[in-house]
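Asks: Okay, predicted coordinates and the sequence, questions at the end:
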Amino acid sequence: MESLPTNFIDLQFIHVLYLFLVGFVGGLVSGFIGSGGAFVLTPAMMSLGVPGIVAVASNMCHKFPKALVGALKRAKFGQVDFKLGLIFGLFAEAGVLVGAEVQESIRESFGNAGSNLYVSLAFVVILGTVGTYV
């Protein structure tokens, strides 16, 4: 039987410690300000060799359910504007679809290295803008 190639990261002891540290820091940042853990987790995943497109998608998949549960809990107390949430949700979905198309076209044109560079540059610009604003 032919063995299939795998794309999993090599979980050596130091990588496992790194993952625990990154998870702790991401949780700490999220706990302090309610968001922002993905800004720690995506670059950390990329530094372990995970392609940027996969790191972004993975963090989106953990961010959406967390936000949904938070909104449902807040809705019980009447603290959710459903019309505003619907507008935000629709435009967020449009942004995700456009962003995914841009990311796919970059990956097709420049490969994984170009995709990783795009994600890294986007993080530098976004975090620089947010940091300057704060």
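Replies: Looks like it arrived, so ask away.
Asks: What pLDDT is listed against the closest residue to Ala75 other than its chain neighbours?
Replies: Leaving aside its chain neighbours, Ala75 sits nearest to Phe82 (7.8 Å; criterion: Cβ to Cβ, 6 or more residues apart in numbering). Every C-beta, even on glycine, is put in place using the N, C-alpha and C of the backbone. With respect to pLDDT, Phe82 scores 89.
Asks: what about Phe82, distance to Asp10?
Replies: Distance, Phe82 to Asp10, by Cβ to Cβ, to the nearest Å: 46 Å.
Asks: cool, and Leu41?
Replies: For Leu41, the distance to Asp10 equals 19 Å [Cβ to Cβ].
Asks: shaky segments in this protein?
Replies: The model of the chain has pLDDT under 70 over residues 1-9, 34-36.
Asks: all strands for it, in order.
Replies: Counting by DSSP state E, the chain has no strands at all.
Asks: Could you measure from the residue nearest the centre of it over to Arg107?
Replies: The centroid of the chain falls nearest to Asn59 when counting by Cα atoms, centre = their mean (3.2 Å). Distance, Asn59 to Arg107, using Cβ to Cβ: 17 Å.
Asks: for Val22, same thing?
Replies: As judged by Cβ to Cβ, Val22 and Arg107 stand 24 Å apart.
Asks: what's the answer for Ala122, then?
Replies: In terms of Cβ to Cβ, Ala122 sits 14 Å off from Arg107.
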